[in-house]
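>>> mind folding the following:
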Amino acid sequence: MTETPEQEPAARGRFRRLAKITLPVWWPLPVCALLGTACGASYGLLKAPEYASTSYVVAVPAKDSDPAAALGFAQAYGRIATSDSTLAYARVAAGVPARELRDRVETETSPDSPMIAITGTSTDPDQAADIANAVTDAIFVSSNQVSKNTGVSLTLFSQAVSPDEPVSPSLPLATAVGGCAGGLLGGLALLVGPRRRAGLTTAGVPAPAHPSEPAGERELV
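Down below sits the predicted model:
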C-alpha cells in the first residue's frame, strides 16, 4: 500500500519524533544484565553436567629408607601420572582414549605430605571414578617396578567412588553469575560513557583572535 501525498508529511513527522526520543543514560546497566542473565541461563541449560571423583595415594618409605625421600617421590609420581606411558596403560581400564584421558585427569601433590590426589572428570559419574582408579592403578604398576631401587612404595589411601552431585555450576548459579557479570559490564559502561561524552562537549573550536588596532589607524581625539 502506497502513501498518498497527504500522508507523507505525517509519516515524516512520526519518524522525526521517534528520532528525537533518546534513551536514558543508565540504559547499558539493565540491557547488559539482561543479556548476561540470558547467556548464563543458556550455558546452564546446554552445558552437560560434569562430575569429578578423586582417589588418594600415599608414598610410604621402606623400613631402612629415609622418610624424607617419600615426599620427593610423591612429587615425582604426581608428575608422571599424566605421562604418555601411564595414560596408555590406564586407557583400557578407563575406557577412554589416551588423548581424551589426558584432558580428564588432574593430579595434585602437597609439599608438606607425601600424598597424591588423582581426580577424574566426566559427564558420567561412574566413568569419572573409573578414570581416577585406572590412573591410580597405572601409577601403582610404575612404582612397584622400581620400589626395590627407590625404597619407596605407594599405598592406596582412599579409592575413588561415583559422585552424587556434579561439580559444574547448576542452572540457578549459572544464571546468577551471568546476570552479575552483565551488570558489572553495564556499570563499567556507565562509568566510561559520561566521561567520553563530557570530553566531546567541552572540546570546541577556539574563537579567532582579534588583532590589535594599528597605531596609525587610531582615531585622533
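
>>> what stretches of the protein score poorly on pLDDT?
The chain contains residues with pLDDT under 70 at 1-23, 193-221.

>>> now the strands for it?
Along the chain, the stretches classed as strands by DSSP state E are 51-61, 105-109, 115-122, 152-158.

>>> sheet partners, orientation included, of the last one?
So the one you mean is strand 152-158. Partners of strand 152-158 in the sheet, by DSSP bridges, are strand 51-61 (antiparallel).

>>> centre of the chain to the partner strand, how far?
Strand 51-61 has its C-alpha centroid displaced from the chain centroid by 26 Å (C-alpha atoms, centre = their mean, to the nearest Å).

>>> picking up where we left off before, would CSV of the strands of the chain with distance to Cys180 and mean neighbour count be doable?
Heads up, the C-betas are built off the backbone N, CA and C, glycines and all. Formatted as CSV, these follow (distance: least, C-beta to C-beta, whole Å; neighbours: other C-beta atoms under 10 Å):
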stretch, distance to Cys180, mean neighbour count
strand 51-61, 24, 21
strand 105-109, 27, 18
strand 115-122, 26, 22
strand 152-158, 36, 17
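
>>> these into JSON lines, with extra columns for distance to Leu184?
JSON lines is the format used below for those (distance: least, C-beta to C-beta, whole Å):
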{"stretch": "strand 51-61", "distance to Leu184": "28"}
{"stretch": "strand 105-109", "distance to Leu184": "29"}
{"stretch": "strand 115-122", "distance to Leu184": "29"}
{"stretch": "strand 152-158", "distance to Leu184": "40"}
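
>>> so Pro174 makes contact with Tyr43?
Small correction: residue 174 is Ala, not Pro. Yes - counting by C-beta atoms under 8 Å, Tyr43 is a contact partner of Ala174 at 5.1 Å.
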